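Q: Next one to model:
(2 chains)
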Amino acid sequence: MKKLLLILLLTGCTKIIPTPPPIAANTSIFSVAKSSVNDGDNISFDLKTAGTYTLTMGDSTTSQVLTRERFIGKAGTNKLKIYTKSLSVKYLYLILEDESKTQIGKTTIVIN
Amino acid sequence: MKKLIVAFLILISSVAYSQVGYLNYTVYNIRSTTTGAYANSAADFVNMFDTTKGATVYARGVSTAAKTLYFANGWQPSGVPNGGSYTGIKVTGYFVPKETGTYSFGIDGDDGVDFLLDGTVITSFYGPHGFGGYRYGTVNLVAGKSYVFMARYQNWGGGWGMYLVWKRPSQSTWSIQADEVTTIVSTPTKQALANFDFGNTLDKTKFLASTLALNSSGQVDVTNALDSNKITNGYKATIGLNQWESVIINPYESNNKGHRLMLDERMFTSSSPKFNSINSIKVLDIYDGPVTVYDTSGWWKTYIIPGNVADKITSSTYQSSLRLQDGWYAIQAGTNITYTATTEYNPQSVKLTTTNTLATLYNSIVTVSDVYLAFKELANGGIFGDQTGNEFAYGIQYKNADVNNDGYFNEADCFALLQHLTGTKTLVDTFKLNNTLKLIPQTTYNTITKSNWNTFSSYIGDSISFNINTGKAIDTFNISATWKGDVNLSHSATPVVNVVASNSLRSFSTPMSNEINASIMTEMIGDSIYAYITLDPLGQSLIGAQFQLNYDNSVLKYNRVKFITKGSPTNWSTDNGGFIGLGSLITDGNSALDNTTQYIISFTAKQKLDNILGLISMGATDAVNKAGTQLKVRIK
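A: Purely as a prediction, here's the structure:
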């Protein structure tokens, strides 16, 4: 009984901070609102057509762009490896645009 | 259950033994005193309660402030002799004000009464009389400081009693406020607060003062960092009365800004403190405070009482023991002198540390806009440096621009700033707070002018010293922080008062008041990674731009920067390991950076890469226009 009370007390005093789920390898990153990533993780997303696309990462707090990567996408599932060492902020937005700057996907990522 | 009872008893006992709100009392039978029926002065009270002159102690004890300071025809704490006739009562303790400022005390009595703090009569109602209305007196007190408290009353016959009340500086009515009196010698616990002013740009929470974190406003309670040990710093001499004249107080002397007070050498013995160790003197009700040694070589050991105490001398209640002679007063003190050691806190200091990576932080502090402003100021000084109408608005800017600390702001400093900007040679060999930061007391900071800046010390360092021997319970220290090379004060305190005198002064531009756009795009071509940075001045006459481009150096190897710029700017790029510092500065006064400006930074992959994201990102940025205004760079 004492142990139960102790457990209840400790549980009651612990603040639980929700963390976004880690991304699953085959889940499109733009299908969830928020993901947590580690340096070297792969992210994936689907494209309907092949072509030139850009991925823009920016500071969620200030909206300032940190980097914009231009790449050749293929139709179907695309995978990219994300590197986080050069990123100076923890909470970022990620936007996928096509060549005409039409937004295809947007999500939030949290650097672990 | 037993533990609960014990805890309850401890709580009760701690309350019962609390001495706040209580005062000591002594009841005297003065029927046989040889000193007279009524106290007509403070000195009369001393004599009347002197047990060598007929008075006897009837009762002693401790009671509440309410019972000891407010009574009429009855005395609750104990019995009284003679049914209240031929009775005297002395109430003592300590007064610890809750507020700083002017306190007002009121006293009434039947018969004589008086009230003293630290031996000085604050208010009195001497002589034979019934209750006749309050007599008021005021005194300036400091919150938290302990003052020796004494109220005296005497009655020869008939009705009897004493009322003593007071009000704080903020109050409008008089009352007994028990939380300001105590029987315990109260040494207030010192508390110290520090306010570090870094301006508005820096995140103050990333700084610590002696391991105590600053809050977002730069404030920190440094009480736990204080050295609470006290050291003896001299002696206080308390002078009383005796048979022969041994003390002389000269008239006020303007050249000494005080009175010379002379003590007969016979007042000192071989066991007395040394003459030069006397730092404080209390002489009757005339003076109680610090003194400075004037001359102790002759028969008369001479000290300076600061200020003019002529009024205190003429209003002293010890006139019968004073003799006026040719403007000076002699006091019958004989050898009635006692010494008590005085102590003070050691000098205090706190040291700042930061959780920032200082090299990165410092590169965002000393930027292209600082360098340009320094060059502009130098150019405006004219070929002989004798022209004004300058770009600097505050004296501290000259001090920060004098990066070689030689006391002159000149081309050598501008060159060193440019070298730092371009990465040719940094302003410091290693990035430490103690070679980049300047902590200056705010009052000093605000007095640094264009004409005197080179007379102030360099202030370079991560520590700030202060003195807590102020007599206050809480000391607050306002510290202005600034940085070597922070010419535009973007990460520094802004002086409260503009102290560049006699200049045709330009208004100081507020940093970040304007913007330009820039963009970044990266792409992988073969084994190479390219980053393209372009500018859009948005109509600004842009003469300087600076970027910090972060990259993952475990994956990429930096190659070079290709500059596409018009005119002949100074372009620079420096590989700092994890980031590239790059930019342009135009100093010819004619051209500007336009929207054709582009920087192409190339890297080579150290390993096979395919479909990557995040290897390169934008860090700190800065830009400056021709007017010297620092511009915010918005990355689109």
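
Q: can we go C-alpha only for contacts and neighbour counts from here?
A: Noted.

Q: I figured residue A:110 was touching residue A:36, is that so?
A: Yes - counting by CA atoms under 8 Å, residue A:36 is a contact partner of residue A:110 at 4.5 Å.

Q: so what's residue B:35 up against?
A: Residue B:35 is in contact with B:44, B:47-48, B:53, counting by CA atoms under 8 Å, 6 or more residues apart in numbering or on different chains.

Q: Name only those of those residues that count as buried.
A: B:44, B:47-48 (16 or more other CA atoms under 10 Å in any protein chain shown).

Q: Tell me which of these has the lowest pLDDT.
A: Among those, residue B:47 carries the weakest pLDDT, at 90.

Q: Quick check: the gap between that residue and chain A.
A: For residue B:47, the distance to chain A equals 67 Å [CA to the nearest CA, to the nearest Å].

Q: Ignoring the adjacent residues along the chain, who's closest to that residue?
A: residue B:35 (6.3 Å; CA to CA, 6 or more residues apart in numbering or on different chains).

Q: State the helix or strand in which residue A:40 lies.
A: Element membership of residue A:40 [criterion: DSSP states H and E] is none; it lies in no helix or strand.

Q: Residue B:286 and residue B:318 touch, don't they?
A: No - applying CA under 8 Å, one finds residue B:286 not in contact with residue B:318, separated by 9.1 Å.

Q: what's the overlap in contacts for these two?
A: The contact sets of residue B:286 and residue B:318 do not overlap (CA under 8 Å, 6+ apart).

Q: wait, isn't residue B:487 in contact with residue B:401?
A: Yes - the criterion here is CA under 8 Å, and residue B:487 meets it with residue B:401 at 5.4 Å.

Q: per-residue confidence at the residue nearest to residue B:432 when sequence neighbours are not counted?
A: Take residue B:432 and drop its neighbours on the chain: the residue closest to it by CA to CA, 6+ apart is residue B:358, 6.8 Å away. pLDDT, residue B:358: 93.

Q: Could you pull up phi and psi at residue B:358?
A: When read as degrees, to the nearest 10, the backbone of residue B:358 gives phi -60, psi -40.

Q: cool, residue B:226 as well?
A: phi -80, psi 150.

Q: Who are the contact partners of residue B:111?
A: Residues near residue B:111 by CA under 8 Å, 6+ apart: B:38, B:126-131, B:153-156, B:160-161.

Q: ok, back up a step: element containing the residue nearest to residue B:47, please.
A: Assigned by DSSP H and E, residue B:35 falls within no helix or strand.

Q: Which one (most neighbours) among the contacts of residue B:111?
A: Highest neighbour count within the contacts of residue B:111, by other CA atoms under 10 Å in any protein chain shown: residue B:154, with 34 neighbours.

Q: got the contact list for that residue?
A: The contact partners of residue B:154, taken as CA under 8 Å, 6+ apart, are B:38-39, B:86-89, B:110-113.

Q: In this structure residue B:516 contacts residue B:541, no?
A: No - here residue B:516 lies out of contact with residue B:541, judged by CA under 8 Å, at a distance of 10.2 Å.

Q: Which residue of those two possesses the greater neighbour count?
A: Using other CA under 10 Å, the more surrounded residue of residue B:516 and residue B:541 is residue B:516, with 22 against 15.

Q: what about the more buried one, which SS state?
A: With DSSP: H, G, I helix; E, B strand; the rest coil as the basis, residue B:516 sits in strand.

Q: Just list the residues touching it, thanks.
A: Residue B:516 is in contact with B:535-538, B:540, B:631-634, counting by CA under 8 Å, 6+ apart.

Q: who in chain A is up against chain B?
A: A:55, A:57, A:64-71, A:79-88 (CA under 8 Å from any CA of the partner chain).

Q: Mind checking which of those residues land in strands?
A: Among the residues of chain A next to chain B, the ones falling in strands (DSSP state E) are A:55, A:57, A:65-71, A:79-82.

Q: Can you pick out the most distant pair from these?
A: Spatially, the most separated pair among these is A:65 and A:79, at 21.9 Å (CA to CA).

Q: More neighbours: the two, which one.
A: When neighbours are counted by other CA under 10 Å, residue A:65 and residue A:79 differ, and residue A:65 comes out ahead with 23 against 19.

Q: thought the more buried one was touching residue B:635?
A: Yes - in this structure residue A:65 lies within contact range of residue B:635 using CA under 8 Å: 5.3 Å.

Q: Among the contacts of residue B:516, which ones lie close to chain A?
A: residue B:634.

Q: Buried ones only from the contacts of residue B:516, please, as a PyMOL command.
A: Buried subset of those, written as a PyMOL selection, criterion 16+ other CA under 10 Å:
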select buried, chain B and resi 535+536+537+540+631+632+633+634
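
Q: With pLDDT added, can I get the contacts of residue B:516 in JSON lines?
A: Below are the contacts of residue B:516 laid out as JSON lines (pLDDT from 0 to 100):
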{"residue": "B:535", "pLDDT": "91"}
{"residue": "B:536", "pLDDT": "89"}
{"residue": "B:537", "pLDDT": "89"}
{"residue": "B:538", "pLDDT": "86"}
{"residue": "B:540", "pLDDT": "85"}
{"residue": "B:631", "pLDDT": "87"}
{"residue": "B:632", "pLDDT": "88"}
{"residue": "B:633", "pLDDT": "91"}
{"residue": "B:634", "pLDDT": "90"}
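
Q: Let me have the contacts of residue B:516 in JSON lines, adding secondary structure and distance to residue A:50 as columns.
A: As requested, the contacts of residue B:516 are exported to JSON lines (DSSP: H, G, I helix; E, B strand; the rest coil; distance: CA to CA, whole Å):
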{"residue": "B:535", "secondary structure": "strand", "distance to residue A:50": "30"}
{"residue": "B:536", "secondary structure": "strand", "distance to residue A:50": "31"}
{"residue": "B:537", "secondary structure": "coil", "distance to residue A:50": "35"}
{"residue": "B:538", "secondary structure": "coil", "distance to residue A:50": "35"}
{"residue": "B:540", "secondary structure": "coil", "distance to residue A:50": "40"}
{"residue": "B:631", "secondary structure": "strand", "distance to residue A:50": "40"}
{"residue": "B:632", "secondary structure": "strand", "distance to residue A:50": "37"}
{"residue": "B:633", "secondary structure": "strand", "distance to residue A:50": "34"}
{"residue": "B:634", "secondary structure": "strand", "distance to residue A:50": "31"}
